[in-house]
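All I have is the shape, not the residue letters:
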Ligand SMILES: Cc1cc2nc3c(=O)[nH]c(=O)nc-3n(C[C@H](O)[C@H](O)[C@H](O)COP(=O)(O)OP(=O)(O)OC[C@H]3O[C@@H](n4cnc5c(N)ncnc54)[C@H](O)[C@@H]3O)c2cc1C
């Protein structure tokens, strides 16, 4: 048998871990590939980051210490990124978690009713549950607003066959639907219900909210019998149903996949940020900092590399004179193709971040525009709002969702200097992110075009940029890549929505793959010659 193909995987988030699992869970790829995962931080997780939090007798939260574990203190797994997943939109994740290697190790817990609220300037408050709709103070949930909300939901549910003004709703963006169906942009429904929901779905600080497609919303506002044990997941008028959490936190899923792969021969290098990727004749040279050993610069040659990192990081790794393919790649991974959003999250105990009128602790999630009232940014101008959508934020209550013994919140923001943020003295942890879009329709052209440079210079792009920004998007992206670089075969029933999801996203990611250059022929000869197959190190 010939030498195994050496593959470097960059990034130990959901995509990198899923790819390791794919490459080690089937005999074919296991025999063909020797995989090494490079991760920049000390522990894997990425956007699936769970922070263990403990509370003292006075209810003050803190990061869990070794002593807490020795003392047997209760540890609460607070997810600072991923909060929820659900059956019909994450079919491959659910099928994977039902496999014997994950059963028991990665548990999901149903959050039966997701109560959401919104608060804006001058008492404009509402919720998607009875207590936050009926009383007079919920003035922005009046009869007209309820009527528009119910009509919108009904039309999303009927989108596959509904026509408005002769046009199929399923082919429309939300903006086109609203205009065609005659919704007013100055209605409370548009300003205080729909736009905040679209922000939560697409990512905080998103400008092109109305580009969301009606078919993106269909699975959220619908309950499909046979595919969902509960639902709909999202509603303006009643709590969302059918959402699950990773009971021990999302990092548990990543850890389980990495541990599975390591036992089957994969190599894991944490504390090893990749700095440079250089395609050379017959392979690709990978340079990383060995943080655990004083930060020495090390390098090794691989046969192929998979970048699961975001496109900005990818540009940093590939943009240099020694990459003969940069001119080909640069247009396809440019900022304008994948405009990622900077975001920041806090785990905190600052009650003053909640809207003053909504501090009863009844809801699981609260969208707060109150502190951005009168602040007119680009989105406010675009949508005729009196508050700055980019300085609004979403807060999840860990007391209601996780059962923490004292109030504790996770607040998610667009990175915006003007937004009100938690008091540092009451902040337990914070983290900034760069994220893509949760729904598939965004970056569709860029995702399709990317196929043309996939594999060129033995470099593959994977991750949520290439599918959708979710745990399902990460797993499916890993599956698509595993199929492209090895004999990996789709492992679940092909008579399933999981397979349809995989096929749909593979069609987008690789369907039009007509590489500009064949990497194993022209690319090799185009690449500069370099010597030395063995691992090298220098400072
Ligand atoms: C605030 C927030 C909330 C979210 N909520 C949900 C949710 O409720 N449900 C859901 O399904 N999804 C949610 N998502 C999206 C989900 O977290 C992501 O789509 C998914 O986890 C992305 O996984 P990934 O592996 O593609 O990327 P990442 O998790 O970003 O992994 C990439 C990894 O690469 C590492 N890295 C970066 N540079 C280098 C380098 N030079 N060398 C080596 N490693 C490097 C990073 O540390 C990172 O770990 C949320 C995301 C955020 C930010």
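Looks like it came in fine. Quick caveat: nothing in here was measured; it's all calculated off a predicted structure.

Quick check: residue 149 vs the ligand, distance?
As judged by C-beta to the nearest ligand atom, to the nearest Å, residue 149 and the ligand stand 23 Å apart. C-beta: built from backbone N, CA, C; applies to glycine.

My read is that residue 310 contacts residue 436, right?
Yes - using C-beta atoms under 8 Å as the test, residue 310 is close enough to residue 436 to be in contact (7.4 Å).

Which positions in this structure make contact with the ligand?
10-16, 38-41, 46-48, 81-85, 273-274, 308-309, 313, 343, 345, 412, 433, 435, 463-464, 469-471, 473-474 (C-beta under 6 Å from any ligand atom).

Identify those among those that sit within helices.
14-16, 313, 471, 473-474 (DSSP state H).

show me what contacts the nearest residue to residue 497 once chain neighbours are set aside?
Spatially, and ignoring its direct neighbours in sequence, residue 497 is nearest to residue 91 (4.9 Å; C-beta to C-beta, 6 or more residues apart in numbering). Contacts for residue 91 were tallied using C-beta atoms under 8 Å, 6 or more residues apart in numbering; they are 227, 472, 496-498, 501.

Residue 478: which of those is nearest?
Ranked by distance to residue 478 (C-beta to C-beta), the contacts of residue 91 are led by residue 472 at 10.9 Å.

what residues are up against that closest one?
Shown in contact with residue 472 (C-beta under 8 Å, 6+ apart): 85, 89-93, 501.

one step back: for the residue nearest to residue 497, phi and psi?
With angles defined as degrees, to the nearest 10, residue 91 shows backbone torsions of phi -60, psi -30.

Please report how far it lies from residue 142.
For residue 91, the distance to residue 142 (C-beta to C-beta, to the nearest Å) stands at 39 Å.

about what we covered before: I'd like to know which of the residues of the chain next to the ligand are buried.
By the neighbour-count criterion of 16 or more other C-beta atoms under 10 Å, the residues of the chain next to the ligand include these buried positions: 10-16, 38-40, 46-48, 81-85, 273-274, 308-309, 313, 343, 345, 412, 433, 435, 463-464, 469-471, 473-474.

Surely residue 301 is in contact with residue 281?
No - counting by C-beta under 8 Å, residue 301 does not reach residue 281; the two are 10.3 Å apart.

quick one: which of those two has more around it?
When neighbours are counted by other C-beta atoms under 10 Å, residue 301 comes out ahead of the other of residue 301 and residue 281, with 19 against 13.

about what we covered before: ok, which pair from the ones in helices among the residues of the chain next to the ligand is furthest apart?
Farthest apart among these by C-beta to C-beta are 313 and 471. That separation is 19.8 Å.

Break this protein into its domains for me.
5-46+252-339+442-538, 113-241+341-435 (automatic domain parsing).

Could you tell me the least trusted of those domains?
Here the domains of the chain differ in mean pLDDT, and the lowest is domain 5-46+252-339+442-538 at a mean of 90.

Work out the gap between that domain and the centre of the chain.
The gap between where domain 5-46+252-339+442-538 is centred and where its chain is centred comes out at 17 Å by C-alpha atoms, centre = their mean, to the nearest Å.

could you pull out the helices for the stretch 401-539 of the chain?
Applying DSSP state H, counting those that start in this stretch to the stretch 401-539 of the chain gives helices spanning 444-450, 471-485, 497-510, 524-526.

can you check the stretch 51-200 of the chain too?
Taking DSSP H, counting those that start in this stretch as the criterion, the stretch 51-200 of the chain contains helices spanning 66-71, 91-97, 143-157, 174-181, 188, 195-202.

ok, residue 321 to the ligand distance?
As it turns out, when the distance is counted by C-beta to the nearest ligand atom, residue 321 lies 19 Å from the ligand.

Work out for me the element that residue sits within.
Secondary structure assignment for residue 321, by DSSP states H and E: no helix or strand.

Quick check on it: phi, psi?
Listed backbone geometry of residue 321 is phi -70, psi -20, with angles given as degrees, to the nearest 10.

count of neighbours near it?
So residue 321, with other C-beta under 10 Å, has 8 neighbours.

ok, now residue 101?
The number of residues packed near residue 101 is 16, by other C-beta under 10 Å.

I'd say it and residue 260 touch.
Yes - under the criterion of C-beta under 8 Å, residue 101 lies in contact with residue 260, with a separation of 5.6 Å.

Would you mind listing the residues touching both of the two?
Contact criterion C-beta under 8 Å, 6+ apart; residues bridging residue 101 and residue 260 by contacting each: residue 25.

Quick check: the closest residue in space to residue 77 that isn't next to it in sequence vs the ligand, distance?
The shortest distance from residue 77 to any residue other than its chain neighbours is 3.2 Å, reached at residue 249 (C-beta to C-beta, 6+ apart). Separation of residue 249 from the ligand (C-beta to the nearest ligand atom) stands at 12 Å.

now residue 249: how far from residue 78?
With the distance defined as C-beta to C-beta, residue 249 ends up 7 Å from residue 78.

Repeat that for residue 202.
Per C-beta to C-beta, residue 202 is found 24 Å from residue 78.

Equivalent analysis for residue 267, please.
Computed as C-beta to C-beta, the residue 267 to residue 78 distance reads 30 Å.

Of those two, give the one with the bigger neighbour count.
When residue 267 and residue 78 are compared on other C-beta under 10 Å, the one with more neighbours turns out to be residue 78, at 25 against 15.

Just to check, the more buried one is in contact with residue 53?
Yes - proximity of residue 78 to residue 53 meets the contact threshold set by C-beta under 8 Å, at 4.9 Å.

got any residues that touch both of the two?
With contacts defined as C-beta under 8 Å, 6+ apart, the residues shared by residue 78 and residue 53 are 347, 398, 404, 408, 428-429.

In CSV, list those residues along with distance to residue 123.
Rendered in CSV, the data for these read as follows (distance: C-beta to C-beta, whole Å):
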residue, distance to residue 123
347, 29
398, 27
404, 29
408, 27
428, 31
429, 33
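
What is the burial count for the closest residue to residue 89 other than its chain neighbours?
Taking C-beta to C-beta, 6+ apart, and ignoring the residues beside it in sequence, residue 89 has residue 219 as its nearest neighbour in space, at 5.3 Å. Each residue near residue 219 was counted by other C-beta under 10 Å, and the total is 21.

Distance-wise, check residue 219 relative to the ligand.
Distance from residue 219 to the ligand, counting by C-beta to the nearest ligand atom: 13 Å.

does that residue belong to a helix or a strand, and which?
Residue 219 belongs to helix 214-221 when elements are defined using DSSP H and E.

Enumerate the positions of that helix that are buried.
214-221.

try stretch 90-110
Of all the residues in stretch 90-110, those buried under the rule 16+ other C-beta under 10 Å are 90-97, 101-102, 105-106, 108.

tally of neighbours for residue 27?
The tally of other residues near residue 27 (other C-beta under 10 Å) stands at 9.

mind listing what residue 506 touches?
Listed by C-beta under 8 Å, 6+ apart, the contact set of residue 506 reads 476, 479-480, 483.

I'm done for today, thanks for sticking with me.
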